[in-house]
Every structure is written in C-alpha cells, then in structure tokens.
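> Next comes the sequence, and after it the predicted model I'd like to discuss.
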Amino acid sequence: MNIHEFQAKNLLSSYGLSVPPGKVAITPQEAADIARELGSGMIAVKAQVHAGGRARAGGVAIVDSPAKAKSAAEQMLGNKLVTEQTGPVGRVTKRVYVERGIRGIRDLMIALLVDEKSGELTLIASSQGGDAVEELVRAGQLKPERLALGTGSVPGPDKIAAFAARLSLEGRSQTRFRARFSPTHPEYAVWGRSYRNRNRCIPSVNEATGHSTSNCYASLA
C-alpha cells in the first residue's frame, strides 16, 4: 500500500504518536500561509511523491520564513522529482507538506512489522538513520536490530533495555525508549490497536529524529 508522508503522519498521530505539526499545500501561497500559521523559525517544505530519497533529490527544503516556504513550493510543485526509487522518469510533485522543523541531534531508523513466521509484532531499529538507510541495509552494510514485541512473548524490561543500549541510546533517551516500548506504556497499546483496526497493517516510522529534549519524532524523508 502506497501512502504519502502526510497520510502516514496523520495515521501515526491518530494513534497518539508524536509527529511535528504540519499541513498539505497544493499552491505556493498555501505553503506560505501554513508556514505563517506554524509560526516557527524553521520550516520544512517536502515534496509529496511515492518515493524515498526525496531529500537527496532536492525534494526537501528547510526555510526560515513564509516567503521562502512559498519560493520552495514554487520550485517543487508541478515539477518532476527524480530519485533512486522513481527511476529516471521521476514523479510529478502535485502537493507539498509544510511542517514545523525540528532541530534533531541524531537520526534513528525504527519500524514495526509483523514477522511472517511467528505472526508477532516485531520492532526493527538501527542506531543509524538518514534517507540512505534502506540502501545500506540492502547492500549489507547495515544490519538492523530486531526485537519481538508479542503476541505471547512480550519482552521483559531487561531485554528492552539491552535493545536500547544496542541503539546507543543513553540517559533520558534510553529511559524514554524503554518506557515507550514497555507493554505497560500507553503508546505500546497504540500499535496493538492499529494492528487490529488496520487488518494487521502497522504504521512504520522509517526514520525518527532525536530531539534535544530527548523526545523522538517521526521524520520521513
């Protein structure tokens, strides 16, 4: 199933997960109006096409004013974005997602899926994120960590702590990670509800940005 970034973030947000505030624009003026509404000193303008690697292809612009958001949208809307996933033909950008920027301190790759053999929810993560992470995995240069979350074999606190340590999470970041993926945490139930309500479909976070406050936000590029 192909969905745009803004659709994925709306889905994640509907289940209570943290995403930066943002809206979709189909004209440059709408992009400027949204940037003004967000009222942030850092705004991300992102081309919405069904492909990864958008940032490297010029499909993501970080700006600091509504006027610059409008200019970035003008350069994207109606033009083709060519990435490794689109192939040389590219895809026409018909809408952009304008969201509040986050000053991250590091990127992680985090995803949840259903293991084909066990039928369990499985957490897959890597201490390295970025928009090239999928290519690194395919090339065998990066091997994500795996942790079964259920059903029937819910990991104990020690396993969750060890998993967090393998991601090089320390201090408050590790504490919050351990709490978030504990079966007693409200957000853990989020994935179970989405699993049941979406016919065994799990919304995944290809990339999470670690914020200076030790919070984690879904950030897709």
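Nice, I can see it. Numbering: from 1, shown residues only.
> Show me which helix or strand of this structure is least confident by mean pLDDT.
Least confident helix or strand, the chain: strand 208-211 with a mean of 48, by mean pLDDT, DSSP states H and E.
> helices or strands up against the top strand by length along the chain?
Across the chain, the longest stretch assigned as strand under DSSP state E is strand 104-114. Strand 104-114 sits against strand 121-126, strand 208-211, strand 216-218, with contacts defined as 3 or more C-beta pairs under 8 Å, 6 or more residues apart in numbering; DSSP states H and E. All C-beta atoms are positioned from the backbone trio N, CA, C, and that covers glycine.
> give me that answer again for 7 Å
With contacts taken as 3 or more C-beta pairs under 7 Å, 6 or more residues apart in numbering; DSSP states H and E, strand 104-114 sits against strand 121-126, strand 208-211.
> Would you give the sheet partners of it, along with the direction of each?
strand 121-126 (antiparallel), strand 208-211 (antiparallel) (DSSP bridges).
> which residues in this structure form strands?
Under DSSP E, the chain gives strands at 22-25, 43-47, 60-63, 80-81, 91-92, 96-100, 104-114, 121-126, 145-150, 208-211, 216-218.
> Domain map for this protein?
If you go by automatic domain parsing, the domain ranges for the chain are 21-100, 104-218.
> Comparing those, which yields the minimum mean pLDDT?
Of all these, domain 104-218 carries the lowest average pLDDT, namely a mean of 69.
> burial of residue 50, as a residue count?
Counted by other C-beta atoms under 10 Å, the residues lying close to residue 50 total 11.
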